[in-house]
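Colleague: Would you be able to build a 3D model of this:
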Amino acid sequence: MGSTTRKLHLKGGHHWLLKPRGCVATSAVLLACGGAPDADNQAIAGGSFTTPMVTSNPSASNLALPGASSTPSGVPTAAPAAGGTEDTGSPLPTDAQSGDGSPTSPTPAGRIDDGQPGRSLVRRLSNAEYRATVESLLGHGTDYTVNFPTDTIVNGFTNNTDVQDVGPALVEQYLAAAEALSDDAVRDVDPLLGCPLAQGEACIATFVEGFGKRAFRRPTTSVERTELLQLFRSEPNAVDGVRLVLQAILTSPSFLYRAEVGVPVAGESFAALNSWEIATRLSYFLTGTMPDADLFAAAEADLLVSAESVEAEARRLLATPAARNNVADFFSGWLNLSAVDRLQRDTTQFADWDSQLPPLLWDETRAFATRVIFDGDGDLTTLLTAPFTYGDPALAQYYGGTAGPVTDGVSRIELPTTQRAGLLTQASFLATHSKEIQTDPVSRGKFVRERMLCQGIPAPPADLMITAPAITPGSTTRERFAQHEEEPSCAGCHLLIDPVGLAFEHYDAIGQWRDQEQGKDIDASGDLTGTDVSGPFVGVVEMADRLAQSELARECFVRYWFRFAFGRGESDSEAARIATITGQFEAAQQDVQELLVALTLSPDFRYLAKEATQ
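Modeller: Prediction:
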């Protein structure tokens with residue numbers, strides 16, 4: 001029934017994808033803005049539908065979505081910055097992103113957290129979120145996002161709101177996916193509806209109200225329900241009518257976007273999110289999908305209006321399998337592991353490499369992160385310094401370690417303590433940050449500067465031709481990369497990158513330990529400069545221990561979780577907020593679960609800034 005969705009554009013002489021207020025209605029364009037409240041004081045479509053195409057990121061200031069709820073307690077007030085300050089003497093800028101993507105300066109000493117929420121934009125479901133939401137909503141395991149345009153990656157993550165534009169190709173795929181999903185769903189229509197279709201409109205009305213509430217993550221409005229029922233009536237065949245209703249819901253901006261209006265707070269310039277909006281934020285941040293039944297029930301009862309109730313739900317969600325998977329997704333993004341499954345190596349040069357390794361390495365890092373955070377010490381220090389990992393027992397031989405008992409296909413593997421320490425010595429990271437036939441000190445060193453310390457590296461000159469030093473017989477990587485210091489156009493950046501990246505030289509291009517290269521002993525000496533743990537060191541195990549002691553590294557870790565949670569980069573004005581959350585993280589002995597709870601209790605999570613509510 002591939003033509004059914006196309007009928008959405010024709011029924012009643014207008015388009016059947018929700019067109020919120022302030023949008024230009026054409027057959028090809030929708031700017032995802034908001035609708036005016038109806039008599040139920042909830043968002044409506046304005047009575048017309050169109051195809052969703054975002055050409056620029058809409059702010060919540062254009063929105064009028066689900067309306068009044070009781071005002072949450074715990075209105076934010078000014079609080080002093082916690083967690084200390086960065087090394088203000090550092091010559092390096094951080095890579096904290098302002099609204100325009102430009103780097104900002106380190107957290108200034110003495111800056112006060114004013115307790116005001118930061119900017120909030122309308123968030124489109126990322127491809128991963130769309131896939132998980134469809135599975136939760138329909139129980140459908142087929143991944144229709146494989147045909148979607150790839151989400152843009154920013155800071156390792158695919159959920160950055162600033163780049164979530166929607167072009168014609170994605171619009172077409174949304175329509176195609178809705179067609180396929182609805183075709184599959186109506187093959188067994190009564191279980192989908194939750195009542196016999198033979199009951200007619202009474203059954204459809206119940207379905208529209210219940211299914212629509214789950215799909216939109218809020219109660220449907222009277223106008224929405226009326227229009228969807230009209231859509232059902234427009235088809236002479238009842239099954240086709242259900243199919244059309246389902247397609248309209250799955251292509252609605254209320255399904256495809258997460259938009260918020262909030263509730264005015266007396267005497268304040270910001271608004272508080274209502275219970276439905278909080279439920280949606282909690283579920284997508286902590287589980288990567290739509291709210292579960294318990295969270296919907298809490299929203300229905302308007303229970304998510306206090307910090308205590310938000311915290312309780314956050315802790316409940318963190319105990320679910322979906323939270324473990326979502327935390328694993330964070331580490332996959334932070335460590336740039338998206339290309340692990342595409343890794344290829346010459347087995348003549350790397351005899352221990354085979355095509356079965358990439359998925360094992362991917363699973364290892366995800367298992368290690370989640371086992372440490374949810375079942376182990378749970379802290380950043382362990383993630384950076386642990387002399388063990390979790391994975392397929394076959395990896396024990398790969399690392400020269402010892403595998404323990406197998407549980408659910410995973411063993412704890414004890415590793416050589418002089419060779420391995422935490423995430424930075426795992427083969428998934430090391431192989432991803434390597435060339436096909438040689439190591440890549442620049443990629444490895446740049447990662448530490450940017451992802452571990454949030455120190456931005458200046459871009460190379462636009463006219464500079466960048467090529468890796470040629471491999472020559474008898475020369476080591478360190479010897480070849482020495483030419484970076486001899487080139488004036490290269491030296492400035494590479495004096496920051498190479499002394500860090502060359503410390504990884506004991507690990508080859510597949511992440512295995514080596515003592516020699518080209519018949520010469522490895523020199524793994526390194527140097528950290530411009531940090532709060534500066535100084536020379538030897539090898540990654542020593543560097544990882546140094547990073548575990550760094551307040552800069554702890555604050556950078558918080559920054560990346562902030563970016564992941566809010567789908568945006570932090571602005572310079574939010575440096576004090578980052579310091580506050582970092583202080584809470586440190587007070588909790590760097591417990592990662594406590595960091596996630598702290599983020600859900602921050603003003604940015606529970607409130608909307610002034611510009612987002614006007």
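
Colleague: my read is residue 141 is in a helix, agree?
Modeller: No - looking at residue 141 with DSSP: H, G, I helix; E, B strand; the rest coil, it is coil, so not inside a helix.

Colleague: what mean pLDDT does whichever strand or helix holds residue 279 have?
Modeller: If you go by DSSP states H and E, residue 279 is part of helix 275-286. Across helix 275-286, pLDDT averages out at 98.

Colleague: Dump that helix to PDB, restricted to CA.
Modeller: This file holds the C-alpha atoms of helix 275-286, laid out as PDB (Å, rounded to 0.1, in the frame of the first residue of the first chain):
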ATOM      1  CA  SER A 275       5.400  16.100  33.800                       C
ATOM      2  CA  TRP A 276       5.000  14.800  30.300                       C
ATOM      3  CA  GLU A 277       8.000  16.800  29.100                       C
ATOM      4  CA  ILE A 278      10.100  15.600  32.000                       C
ATOM      5  CA  ALA A 279       9.100  12.000  31.400                       C
ATOM      6  CA  THR A 280      10.300  12.400  27.800                       C
ATOM      7  CA  ARG A 281      13.600  14.000  28.700                       C
ATOM      8  CA  LEU A 282      14.300  11.300  31.300                       C
ATOM      9  CA  SER A 283      13.500   8.400  29.000                       C
ATOM     10  CA  TYR A 284      15.500   9.600  26.000                       C
ATOM     11  CA  PHE A 285      18.500  10.700  28.100                       C
ATOM     12  CA  LEU A 286      18.700   7.600  30.200                       C
END
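
Colleague: can you tell me the average pLDDT over stretch 185-195?
Modeller: Stretch 185-195 comes out at a mean pLDDT of 96.

Colleague: just to revisit the earlier point, check which helices and strands the helix holding residue 279 is in contact with.
Modeller: Applying 3 or more C-beta pairs under 8 Å, 6 or more residues apart in numbering; DSSP states H and E, we find helix 275-286 packed against strand 257-258, helix 293-300, helix 307-318, helix 321-334, helix 592-600, helix 603-606. Using the backbone N, CA and C atoms, a C-beta is placed for each residue, glycine as well.

Colleague: so it versus helix 293-300, what angle?
Modeller: On the basis of axes from the mean of the first three to the mean of the last three C-alpha atoms, to 10 degrees, helix 275-286 is oriented at 150 degrees to helix 293-300.

Colleague: by how many degrees do helix 275-286 and helix 321-334 diverge?
Modeller: Going by the same axes, to 10 degrees, helix 275-286 makes 60 degrees with helix 321-334.

Colleague: Show me which helix or strand of this structure is least confident by mean pLDDT.
Modeller: strand 49 (a mean of 37; mean pLDDT, DSSP states H and E).

Colleague: Name the next helix or strand downstream of it, please.
Modeller: strand 123-124.

Colleague: in the stretch 101-250 of the chain, which spans are helices?
Modeller: Using DSSP state H, counting those that start in this stretch, the helices of the stretch 101-250 of the chain run over 127-138, 168-185, 189-193, 201-216, 222-233, 238-250.

Colleague: Would you mind saying which of these lies nearest residue 387?
Modeller: Closest to residue 387 of those, according to C-beta to C-beta: helix 127-138, at 32.3 Å.

Colleague: pLDDT score for the residue nearest to residue 514 when sequence neighbours are not counted?
Modeller: Excluding the flanking residues, the one nearest residue 514 by C-beta to C-beta, 6 or more residues apart in numbering is residue 508, at 5.1 Å. Listed pLDDT for residue 508 reads 96.

Colleague: List the residues that contact residue 508.
Modeller: By C-beta atoms under 8 Å, 6 or more residues apart in numbering, residue 508 lies in contact with 350, 434, 439, 514.

Colleague: Put together CSV for those, with neighbour count on each row.
Modeller: Output for the contacts of residue 508, formatted as CSV (neighbours: other C-beta atoms under 10 Å):
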residue, neighbour count
350, 18
434, 23
439, 27
514, 11
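
Colleague: and which of the residues you listed is nearest to residue 400?
Modeller: residue 514 (11.5 Å).

Colleague: quick one, strands of the stretch 501-614 of the chain?
Modeller: Taking DSSP state E, counting those that start in this stretch to define them, one finds strands in the stretch 501-614 of the chain at 516-517, 520-521, 525-528, 535-538, 607-608.

Colleague: next one: the stretch 301-450 of the chain
Modeller: Ranges of strands in the stretch 301-450 of the chain, per DSSP E, counting those that start in this stretch, are 388-391, 402-407, 410-414.

Colleague: and residue 594, which of these is closest to it?
Modeller: That would be, of the strands of the stretch 301-450 of the chain and by C-beta to C-beta, strand 388-391, which comes in at 21.7 Å.

Colleague: Residue ranges in this protein under the pLDDT threshold?
Modeller: For the chain, the stretches flagged by pLDDT under 70 are 1-111, 462-468, 483-492, 611-614.

Colleague: quick check: domain ranges of it?
Modeller: Following automatic domain parsing, the chain resolves into domains at 4-70+122-258, 441-549, 551-612.

Colleague: ranking those domains by burial, who's on top?
Modeller: Mean neighbours per residue, mean count of other C-beta atoms under 10 Å, is largest over those for domain 551-612, with a mean of 22.

Colleague: excluding its backbone neighbours, what's nearest residue 347?
Modeller: Closest to residue 347 by C-beta to C-beta, 6+ apart is residue 353, at 5.5 Å.

Colleague: list the contacts for that neighbour?
Modeller: 345-347, 510.

Colleague: Tell me the spacing between it and residue 222.
Modeller: 62 Å (C-beta to C-beta, to the nearest Å).

Colleague: what's the burial count for residue 292?
Modeller: 16 (other C-beta atoms under 10 Å).

Colleague: do the one 4 residues further on as well
Modeller: A count of nearby residues for residue 296, using other C-beta under 10 Å, gives 20.

Colleague: quick one: it from residue 218, how far?
Modeller: Going from residue 296 to residue 218 by C-beta to C-beta gives 10 Å.

Colleague: From what I see, residue 582 and residue 555 are in contact.
Modeller: Yes - contact criterion C-beta atoms under 8 Å: residue 582 and residue 555 qualify, at 4.6 Å.

Colleague: one step back: how about TSV for the strands of the stretch 501-614 of the chain, with distance to residue 284 added?
Modeller: Putting those into TSV (distance: least, C-beta to C-beta, whole Å) gives the following:
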stretch	distance to residue 284
strand 516-517	46
strand 520-521	50
strand 525-528	36
strand 535-538	40
strand 607-608	16
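
Colleague: which stretch among those comes nearest residue 371?
Modeller: Closest approach to residue 371 among the strands of the stretch 501-614 of the chain (C-beta to C-beta): strand 535-538, 27.7 Å.

Colleague: Would you mind listing the outside residues contacting the closest one?
Modeller: 503, 524-528, 543, 546.

Colleague: returning to what we had before: any chance of the strands of the stretch 301-450 of the chain in CSV, with distance to residue 161 too?
Modeller: Formatted as CSV, the strands of the stretch 301-450 of the chain follow (distance: least, C-beta to C-beta, whole Å):
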stretch, distance to residue 161
strand 388-391, 33
strand 402-407, 39
strand 410-414, 35
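
Colleague: Good, we can wrap up now.
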